[in-house]
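In: what follows is a predicted protein model with its sequence.
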Amino acid sequence: MSFLASCQNLLSRPWVIDDLDAFKSKWTKKSWEKAVIFVDNSGADIILGILPFARELLRRGTKVILAANDMPSINDITYLELVEIVNKLKDENGKLAGVDVSDLIVANSGNDLPVIDLSSVAPELAYMASDADLVILEGMGRGIETNLYAQMKCDSIKIGMVKHPEVAQFLGGRLYDCVFKFNEA
């Protein structure tokens, strides 16, 4: 699905799971030390969604780990592609749109599927993420289908668009509904 088609299909709030206001309230009162973002699609999702969000976390002093698939799966961005994109977007001073990225790490999740079992991520990522206080799972596979009800020891966000009728029915929502599930530790 193209970015334009996604925007045209996006349903208005409230979404089937809509904790966005709770997160926005927490955002104004709290900053996190380290965030791990399990990224999803290549293209507009990463360029217009994840990287600006990661940049804002960095601006607020959060260390950010972007975890991407080791191998291609559907239209997911891979670790090597993400390293290349981040390097290309840095300016001559090594900044991302004026923000220092020395606290940004691109990591290999060790995964090669659009879903993820968090108990089997790459050992290097598990080590780097062990002290994270925010975990973000982006995309229908990672954020909704496999980890929506996963309990974490830190704050978490599961975010994605419902693109399968069976998932919409299971959640009691609509096709192209959004999920923004925010859980505090």
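Out: Structure's in. What do you need?

In: now the residue with the largest distance to the centre of the chain. Its backbone dihedrals?
Out: Residue farthest from the centre of the chain, counting by C-alpha atoms, centre = their mean, is residue 92 at 26.8 Å. Torsion angles at residue 92 (phi, psi; degrees, to the nearest 10) stand at phi -60, psi -20.

In: report pLDDT for it.
Out: Residue 92 is assigned a pLDDT of 92 by the prediction.

In: who's in contact with it?
Out: By C-beta atoms under 8 Å, 6 or more residues apart in numbering, no residues touch residue 92. Bear in mind the C-beta positions are built from the backbone N, C-alpha and C, glycine included.

In: quick check: closest non-adjacent residue to the residue minimising distance to the centre of the chain.
Out: Nearest residue to the geometric centre of the chain (C-alpha atoms, centre = their mean): residue 138, 3.5 Å. Among residues not flanking residue 138 along the chain, residue 40 sits closest, at 4.7 Å (C-beta to C-beta, 6 or more residues apart in numbering).

In: how near is that neighbour to residue 20?
Out: 18 Å (C-beta to C-beta, to the nearest Å).

In: looking at the two, which is more packed in?
Out: residue 40 (28 against 17; other C-beta atoms under 10 Å).

In: which residue ranges form the helices in this structure?
Out: 3-9, 20-29, 44, 51-59, 79-89, 123-129, 165-171 (DSSP state H).

In: who wins for proximity to residue 151 among those?
Out: With C-beta to C-beta as the criterion, residue 151 lies closest to helix 123-129 of the helices of the chain, at 15.9 Å.

In: residue ranges with poor pLDDT in this structure?
Out: The chain contains residues with pLDDT under 70 at 1-2.

In: same thing but at 90, please
Out: Within the chain, the ranges that satisfy pLDDT under 90 run 1-11, 42-45, 72-75.

In: isn't residue 94 right up against residue 104?
Out: No. Judged on C-beta atoms under 8 Å, residue 94 makes no contact with residue 104 at a distance of 10.3 Å.

In: between the two, tell me which one has more neighbours.
Out: residue 104 (20 against 10).

In: ok, the residue nearest to that one when sequence neighbours are not counted to residue 87 distance?
Out: Using C-beta to C-beta, 6+ apart and skipping residues adjacent in sequence, the residue nearest residue 104 is residue 64, 5.1 Å away. Applying C-beta to C-beta, the value for residue 64 to residue 87 is 15 Å.

In: looking at these two, which one has more neighbours?
Out: residue 64 (24 against 11).

In: does the more buried one really touch residue 33, like I thought?
Out: No. Using C-beta under 8 Å, residue 64 makes no contact with residue 33, being 10.6 Å away.

In: need the contact list for the closest residue to residue 75 other than its chain neighbours.
Out: Spatial nearest neighbour of residue 75, chain neighbours left out: residue 41 (5.2 Å); criterion: C-beta to C-beta, 6+ apart. The neighbourhood of residue 41, defined by C-beta under 8 Å, 6+ apart, consists of 75-77, 139.
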